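# need the 3D shape of this:
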Amino acid sequence: MSSLWRVADVVSADPETDSSRTIGLRVDGLNGNLAGQHIDIRLTADDGYTAVRSYSVATAGMDEILEITVDELANGEVSPYLVRDLIVGDRLEIRGPVGGWFVWRPTNPNPVQLIAGGSGIVPLMAMIRAHEASENPSQFRLLYSLKSPESGFYREELLTLSRESPRLAVDYVYTRKVPEGWPSAPKRLSAETLLANILPVHDSPDIFICGQTMFVETITEWLVQAGYPAASIKTERFGGTGGIR
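Here you go, the predicted model:
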């Protein structure tokens with residue numbers, strides 16, 4: 001981890017959804033990163049004004065290459081530029097990767113439950129990819145809460161992994177629109193639905209939750225009430241107060 005600002009070269013910029021894109025960055029001298037870490041990106045205007053935002057890294061252990069997935073925020077200072085204007089060959093100021101608590105390491109023998117709300121999937125996807133690239137036999141399970149199928153990140157990759165990987169199970173909750181043929185109508189994520197779609201207490205899973213603040217706080221409260229030890233739950237939250245909806 002570096003606390004110093006450095007320059008990263010944009011090596012890829014691909015649409016993820018209508019309002020997001022996945023950006024590949026090459027950082028000279030970087031020796032990989034841990035699954036779950038984030039970087040800071042600093043943009044500087046011609047008049048010297050700077051804006052700094054943090055973005056989770058979607059990959060792990062890729063030496064000098066990092067990937068982030070950025071969702072455009074209305075009236076955002078940084079995300080509209082990254083999603084709409086950035087092109088391959090541009091350069092960005094970054095700091096990091098940062099973080100040593102909300103991370104998964106391949107030496108961890110415990111089963112893992114991942115719970116994502118919207119773009120909160122990004123650091124959890126890094127954990128899934130790191131797990132799949134390792135020889136760690138532990139079971140991973142992902143519960144992904146989305147407004148609609150079209151708003152999901154990494155859709156094809158998660159579909160392939162859910163079909164082919166014996167170590168990963170993926171469950172979805174759609175709150176506004178469901179895929180064609182889905183067995184239920186859109187619904188708010190409830191404590192009952194949560195507990196029916198995660199690893200049980202007796203499996204003693206490590207739990208990682210990422211999403212907007214109220215989403216994370218509500219999920220954590222339900223888990224603790226259901227008997228999951230608070231010490232087994234790690235959370236990462238971002239912007240706004242959006243909750244279970």
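# for the residue nearest to S165 when sequence neighbours are not counted, what are phi and psi?
Leaving aside its chain neighbours, S165 sits nearest to E132 (6.2 Å; criterion: C-beta to C-beta, 6 or more residues apart in numbering). Yep, even glycine has a C-beta here, placed from its N, CA and C like the rest. Note on E132: backbone dihedrals following degrees, to the nearest 10 are phi -70, psi -30.
# for T50, same thing?
When read as degrees, to the nearest 10, the backbone of T50 gives phi -120, psi 150.
# same thing with P205?
Recorded main-chain torsions at P205 are phi -80, psi 150, according to degrees, to the nearest 10.
# report the contact partners of L43.
By C-beta atoms under 8 Å, 6 or more residues apart in numbering, L43 lies in contact with 50-52, 77-78, 81, 92-93.
# tell me where the protein has strands.
Counting by DSSP state E, one finds strands in the chain at the ranges 5-17, 20-26, 38-44, 50-56, 65-71, 91-98, 112-117, 140-146, 168-174, 206-212, 233-238.
# tell me the domain boundaries of this protein?
Structurally, the chain divides into domains by automatic domain parsing as follows: 5-98, 112-238.
# adding distance to P106 and mean pLDDT, write those domains out as CSV.
Compiled in CSV, the domains of the chain are given as follows (distance: least, C-beta to C-beta, whole Å; pLDDT from 0 to 100):
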stretch, distance to P106, mean pLDDT
domain 5-98, 9, 95
domain 112-238, 4, 97
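# bridging residues for A35?
With DSSP bridges applied, the residues forming beta bridges to A35 are W104.
# burial count for it?
In terms of burial, A35 registers 26 neighbours under the definition other C-beta atoms under 10 Å.
# that one touches S134, doesn't it?
No. Counting by C-beta atoms under 8 Å, A35 stays clear of S134, with 9.7 Å between them.
# what do these two both touch?
In terms of C-beta under 8 Å, 6+ apart, A35 and S134 are not both contacted by any residue.
# give me the nearest residue to the most centrally placed residue in the chain, chain neighbours excluded.
In the chain, the C-alpha closest to the average C-alpha coordinate belongs to V122, at a distance of 1.9 Å (C-alpha atoms, centre = their mean). Of all residues not flanking V122 in the chain, S56 sits nearest, at 4.2 Å (C-beta to C-beta, 6+ apart).
# doesn't A126 make contact with that neighbour?
Yes. Because the distance of 7.3 Å satisfies C-beta under 8 Å, S56 is recorded as touching A126.
# of these two, which one has the most company?
Under the criterion of other C-beta under 10 Å, the comparison of S56 against A126 puts A126 first, with 28 against 25.
# residues contacting that one?
Applying C-beta under 8 Å, 6+ apart, the residues contacting A126 are 35-37, 56-60.
# how near is it to A116?
Distance from A126 to A116, counting by C-beta to C-beta, to the nearest Å: 12 Å.
# could you do D171 as well?
For D171, the distance to A116 equals 11 Å [C-beta to C-beta].
# is the closest residue to S3 other than its chain neighbours bridged to anything, and to what?
Residue nearest to S3 in three dimensions, not counting chain neighbours: R95, with 6.7 Å by C-beta to C-beta, 6+ apart. Following DSSP bridges, R95 is listed with bridge partners W5, D40.
# residues contacting R95?
The neighbourhood of R95, defined by C-beta under 8 Å, 6+ apart, consists of 2-6, 39-40, 42.
# perfect, I'm done here.
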